[in-house]
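Enquirer: coords below, sequence missing:
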Ligand code: PLP
């Protein structure tokens, strides 16, 4: 960590590995022997093709993605997928099931309502989104075309630790993994579709990754814009139009870096350690700090917490920023604090935060 860099606890765009940024810096002006920057390259030239192919290959290695799944590098953010998913996976009259465990699951549901018969089969709203339901009690619609979950709710800090078995006839589970993508191993074969905006764990904003079982491609509703039809992108290896080339290059550097670290099991181990220190500090503070989320489903990525004395929150954020720990303010919809501790947040960053928290408590309790 060089002197000028802060510990950035933002929820996204978020901290990237320093090594990746340095590598990008070293070749920002001239990439290898191409004589130009990746930003200047034709997306159809052999140099960029080698970049996107390596990025896809490394992601396939990281997540052990089976060959009957397509990997698509798209634009429009995870938000665009909220519409693309129903447009591609069902007809206007088809029912689909949504589990709403936080704001993002709710947004996905509301968008889906425009394109199919979306139903919420469980909502955590009355518990202020602090829980994940028990899967046995879920009443899934057997005719639903898919079951949608948000694997990690970035704002509320609840994370699925295991996944429900879809009881619909097609057995399709769809997951928004924007904020815990590549933070731990995932059995991709359990899902029909996984999607994620890159800007938390794997790159800059502007790239959205969709991993979709190939047999689900090619049945989009007739009104589907060409750019939202997975077939368009699958048939063209994500090069139908000009893709977000530089973002894809950056994601590729991150994938390479994650593989170098030992893959997602090693990454998960690190993430568990960081989260444990932070949650232990919150829980051990005698109520000075509180995390509202049920313990068994607390996110390894986004840690929301409040101060017993809410009048001290602004002071907490100001003092932390002075010590080069920034972006700790909770989402405007829930208030309080939130520390996002994605893959790239070093252990040292979390250690510095908990030392600060203990010191702040000692001075203000
Ligand atoms: N889903 C989750 C879980 C998110 O955290 C976010 C953004 O923070 C989104 C969806 C929306 O992503 P985007 O801004 O890429 O559209």
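Expert: Everything's here; your move. Please read all numbers here as calculations on a predicted model, not as lab measurements.

Enquirer: need the residues of this protein near the ligand, please.
Expert: 12, 77-79, 104, 150, 154, 176, 178-179, 197 (Cβ under 6 Å from any ligand atom). Using the backbone N, CA and C atoms, a C-beta is placed for each residue, glycine as well.

Enquirer: Retrieve the pLDDT associated with residue 334.
Expert: On the pLDDT scale, residue 334 is placed at 85.

Enquirer: got the contact list for it?
Expert: Applying Cβ atoms under 8 Å, 6 or more residues apart in numbering to residue 334 gives the contacts 155-156, 304.

Enquirer: Same check on residue 228?
Expert: Residue 228 neighbours (Cβ under 8 Å, 6+ apart): 80, 83-84, 87-88, 220.

Enquirer: Specify the residue ranges that define each domain of this protein.
Expert: Using automatic domain parsing, the domains assigned to the chain come out as 21-260, 263-364.

Enquirer: nearest to residue 4, of those domains?
Expert: Nearest to residue 4, of all those, is domain 263-364, at 9.3 Å by Cβ to Cβ.

Enquirer: Now do the closest one: distance from first to last residue.
Expert: 42 Å (Cα to Cα, to the nearest Å).

Enquirer: again, but for stretch 278-297
Expert: From the first residue to the last, stretch 278-297 extends over 15 Å; the measure is Cα to Cα.

Enquirer: Among the contacts of residue 228, which one lies nearest to residue 288?
Expert: residue 80 (41.2 Å).

Enquirer: could you flag which of the contacts of residue 228 are buried?
Expert: For these, a neighbour count by 16 or more other Cβ atoms under 10 Å gives the buried set as 80, 83-84, 87-88, 220.

Enquirer: still on that earlier bit, out of the residues of the chain next to the ligand, which are inside helices?
Expert: Those of the residues of the chain next to the ligand mapping onto helices are 77-79, 104, per DSSP state H.

Enquirer: Can you add pLDDT and give those back as TSV?
Expert: Listed next are those as TSV, based on pLDDT from 0 to 100:
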residue	pLDDT
77	98
78	98
79	98
104	98
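
Enquirer: Neighbour-wise, which one of those leads?
Expert: When neighbours are counted by other Cβ atoms under 10 Å, residue 78 leads these with 27 neighbours.
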